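Undergrad: Quick check, what structure comes out for this input:
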Amino acid sequence: MDEAGTIRAAERAVWEALRTGDAAADARLLADDFLGVYPDGFAGPAAHAGQLAHGPTVASYAITEEHLRPMGPDYVLYAYRADYTRTAGAEPEAMLVSSIWQCQGGTWLNIFSQDTPLTGAGVP
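TA: Numbering: from 1, shown residues only. Have a look, this model is predicted:
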């Protein structure tokens, strides 16, 4: 698998962990110094994986509008649109996600992620 395919697969593995409630799988994909930037604040790897303590947080998801940008040796920015539902039957939601992946010892790990909910409001 090429680098772009590896990054896409790794990001989808994070979503699959959220869909199945697999905190251990989620944690394996995050760097020790992972930083998440979310509408409710900052999160480290323990908080990101900890959200799965009571089971899955996502019922379904689709990733579209993908953009991959190399950021130097061993770093890739992956930005995309995520359409998802939190629980079966819930109203669909959408957000733009920007994730930075770093190759550490031959393994790609997520070091940064920012989720921006799509609100329909224009840029001021």
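Undergrad: For this structure, which residues score under the pLDDT cut-off?
TA: Residue ranges of the chain with pLDDT under 70: 123-124.
Undergrad: for His48, what are its contacts?
TA: Shown in contact with His48 (C-beta atoms under 8 Å, 6 or more residues apart in numbering): Asp26, Ala27, Leu30, Phe34, Gly36. All C-beta spots, glycine's among them, are computed from the backbone N, C-alpha and C.
Undergrad: residues making contact with the longest helix along the chain?
TA: Criterion DSSP state H: the longest helix present in the chain is helix 3-20. Identification of contacts with helix 3-20 by C-beta under 8 Å, 6+ apart yields 1, 22-23, 25-26, 29, 51-52, 56-61, 63, 66, 68, 76, 78, 80, 82, 84, 99, 101, 108, 110.
Undergrad: Narrow those residues to those in strands?
TA: Judged by DSSP state E, strands contain the following of those: 60-61, 63, 66, 68, 76, 78, 80, 82, 84, 99, 101, 108, 110.
Undergrad: Only the buried subset of the residues you listed, as a ChimeraX command please.
TA: In ChimeraX, a selection of the buried entries from the ones in strands among the contacts of helix 3-20 looks like this (16 or more other C-beta atoms under 10 Å):
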select :61,63,76,78,80,82,84,99,101,108,110
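Undergrad: so, if you compare the ones in strands among the contacts of helix 3-20, which one comes nearest to Ala46?
TA: Distance to Ala46, by C-beta to C-beta, is smallest for Asn110 among these, at 14.0 Å.
Undergrad: quick one: that closest one and Leu30 touch, right?
TA: Yes - using C-beta atoms under 8 Å, Asn110 is in contact with Leu30, at 5.3 Å.
Undergrad: hey, what's in contact with both of these two?
TA: Shared contacts of Asn110 and Leu30, counting by C-beta under 8 Å, 6+ apart, come down to nothing at all.
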